[in-house]
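> Provide a 3D model corresponding to the input given below.
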Amino acid sequence: MSEQQPAPATFRVVHNDEEQYSVWWADRDLPAGWHAEGTEGTREECLAHIDEIWTDMRPASLRRRMAEQAAG
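Have a look, this model is predicted:
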């Protein structure tokens with residue numbers, strides 16, 4: 001008999017209010033403060049998506065503060 005392999009886990013891309021991204025198990029409730037971005041897949045697929053969309057690692061509050069200071 002062949003041994004069945006467990007199905008690979010499905011993950012989702014999540015983000016917080018500071019626009020920071022992470023991956024989370026698709027079958028689990030999200031931790032407080034995190035929101036589903038809409039992408040699901042393998043962990044590797046989700047991480048690849050994050051690499052494409054998360055181009056500025058600074059938290060949103062820092063980006064806003066720096067923009068305000070630059071504006072004067």
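
> make it CA atoms for all contacts and neighbour counts henceforth
OK.

> got a list of contacts for the least confident helix or strand in the chain by mean pLDDT?
Ranking every helix and strand in the chain by mean pLDDT, DSSP states H and E puts helix 60-71 at the bottom, with a mean of 94. Residues outside helix 60-71 that contact it (C-alpha atoms under 8 Å, 6 or more residues apart in numbering): 17-19.

> and those residues, which are buried?
Using 16 or more other C-alpha atoms under 10 Å as the burial test, the contacts of helix 60-71 include Glu19 as buried.

> dump the contacts of helix 60-71 to CSV, plus secondary structure and distance to Gln5.
Listed next are these as CSV, based on DSSP: H, G, I helix; E, B strand; the rest coil; distance: C-alpha to C-alpha, whole Å:
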residue, secondary structure, distance to Gln5
Asp17, coil, 37
Glu18, coil, 38
Glu19, coil, 36
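
> just the closest of the contacts of helix 60-71 to Pro8, please.
Set against Pro8, the nearest of the contacts of helix 60-71 by C-alpha to C-alpha is Glu19 (27.4 Å).

> not counting its neighbours along the chain, what's nearest that closest one?
Ala60 (5.9 Å; C-alpha to C-alpha, 6 or more residues apart in numbering).
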